[in-house]
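Participant: For reference, the sequence and a predicted model appear below.
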Amino acid sequence: MSTFDAAIIGSGPAGITAALYLARSGCSVILFESLAAGGQILQTEVLENYPGFPKGIKGYELADLFAAHIENLTITRSRDAVESVRGQAGNFVVGAGEKEYACRTVIVCTGAKHRPLGVEGEDRLQGRGVSYCALCDGNFYRNQPVAVVGGGNSALEESLYLSKLASRVYLIHRRSAFRGAQVYQDKLAQSDKVEPVLDSVVEQLEADLIAGLTGVVVRNVVTGERRTLKVNGLFVYVGMEPRTAFLPPEVERDAQGFLVTDTEMRTSVPGIFAAGDVRSKLCRQAVTAAGDGATAAQAAFVLMEQLHA
């Protein structure tokens, strides 16, 4: 079993950046990528705040540029899903698929997945009206009414995207005001297709055995009034859950399960670093993930030099 200097788990902005920095430093790297290079930015229509692209850039276009940047570097790449990490600094073993890989350091860049609403029938209706990716599934609801749940940037961005496809977009948020960036709120205010449904939560999903989702029942948390919105699609953006199940329990998490690190991306277990959306932090954006990846790579490189000394 050959030994790699670093195992990088995840190929979003954090993982790609970490791989780029370490490979250019002459380190042997294995990159585990369950998705194509770019990770979740492949599910983003347009990035308007990534430096260097003043007119914005499509998510898939930026992902293609990420992939091209590491294409000619010496990086071992694996599509196997990582199932376990054990060992200690200088002597980790990563289990993926039916194989094991020896690694001196591990950089976790697995990001997070969308949190479900937790409403009865949600699981059953996934792919039949319930979705967590407007870019992936929005076209199925062209000229049909849909609802979006959430009040942050993701919910607002995806509502704007869906307004180009759907006949009507109900934007449901449990509070009286959105949390997303003002620029998105201003754009939504100018749209005649998006109807805010504030102070409201989704209480029930209505469905047809053949057609799938047919409506959502929302309850106003202030008045208690219930209202049925006749929609064919429901897009959920109520937060994220980190992908950390493969890590040992001694890696410290915060109350939401995100990995706790210091400013150099070091976790509580020496030799294991975390970068990007999987970290416990305030801002989860592609640009901050890339910065995390660079920092984690440098910190891992310093540790490797200490291990070799």
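Facilitator: Received the coordinates, thanks. Numbering: from 1, shown residues only.
Participant: Next one: residue 52 relative to residue 65, how far apart?
Facilitator: 10 Å (CB to CB, to the nearest Å). C-betas here are computed from N, CA, C, even on glycine.
Participant: what does residue 191 give?
Facilitator: Residue 191 is 30 Å from residue 65, by CB to CB.
Participant: can you tell me the helix or strand for the closest residue to residue 300 other than its chain neighbours?
Facilitator: Of all residues not flanking residue 300 in the chain, residue 105 sits nearest, at 4.4 Å (CB to CB, 6 or more residues apart in numbering). Counting by DSSP states H and E, the element that carries residue 105 is strand 99-108.
Participant: what's in contact with that strand?
Facilitator: Contacts of strand 99-108 with the rest of the structure, by CB atoms under 8 Å, 6 or more residues apart in numbering, involve 1-10, 15, 18, 30, 80, 85, 89-95, 244, 247, 259, 265, 267, 271-275, 278, 293, 296-297, 300, 303-304, 307.
Participant: Could you verify my assumption that residue 56 touches residue 48?
Facilitator: Yes: at 4.4 Å, residue 56 counts as touching residue 48 under the criterion of CB atoms under 8 Å.
Participant: on that earlier part again, now do the very next helix or strand once past the strand holding residue 105: which elements does it pack against?
Facilitator: Per DSSP H and E, strand 99-108 leads on to strand 112-114 as the next helix or strand towards the C-terminus. Helices and strands touching strand 112-114, by 3 or more CB pairs under 8 Å, 6 or more residues apart in numbering; DSSP states H and E, are strand 240-242.
Participant: Report the backbone C-alpha coordinates of stretch 138-153 in PDB.
Facilitator: Output of stretch 138-153 as PDB, limited to C-alpha atoms (Å, rounded to 0.1, in the frame of the first residue of the first chain):
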ATOM      1  CA  GLY A 138     -36.200  23.800 -12.200                       C
ATOM      2  CA  ASN A 139     -36.800  23.000 -15.800                       C
ATOM      3  CA  PHE A 140     -39.300  20.300 -14.900                       C
ATOM      4  CA  TYR A 141     -41.600  23.000 -13.600                       C
ATOM      5  CA  ARG A 142     -41.500  25.400 -16.600                       C
ATOM      6  CA  ASN A 143     -44.800  27.400 -16.600                       C
ATOM      7  CA  GLN A 144     -46.000  25.800 -13.400                       C
ATOM      8  CA  PRO A 145     -46.400  27.300  -9.900                       C
ATOM      9  CA  VAL A 146     -43.700  26.400  -7.400                       C
ATOM     10  CA  ALA A 147     -42.700  27.300  -3.800                       C
ATOM     11  CA  VAL A 148     -39.300  27.900  -2.200                       C
ATOM     12  CA  VAL A 149     -38.700  27.600   1.500                       C
ATOM     13  CA  GLY A 150     -36.000  29.700   3.200                       C
ATOM     14  CA  GLY A 151     -34.800  33.200   3.900                       C
ATOM     15  CA  GLY A 152     -31.100  33.100   3.200                       C
ATOM     16  CA  ASN A 153     -29.000  33.700   0.100                       C
END
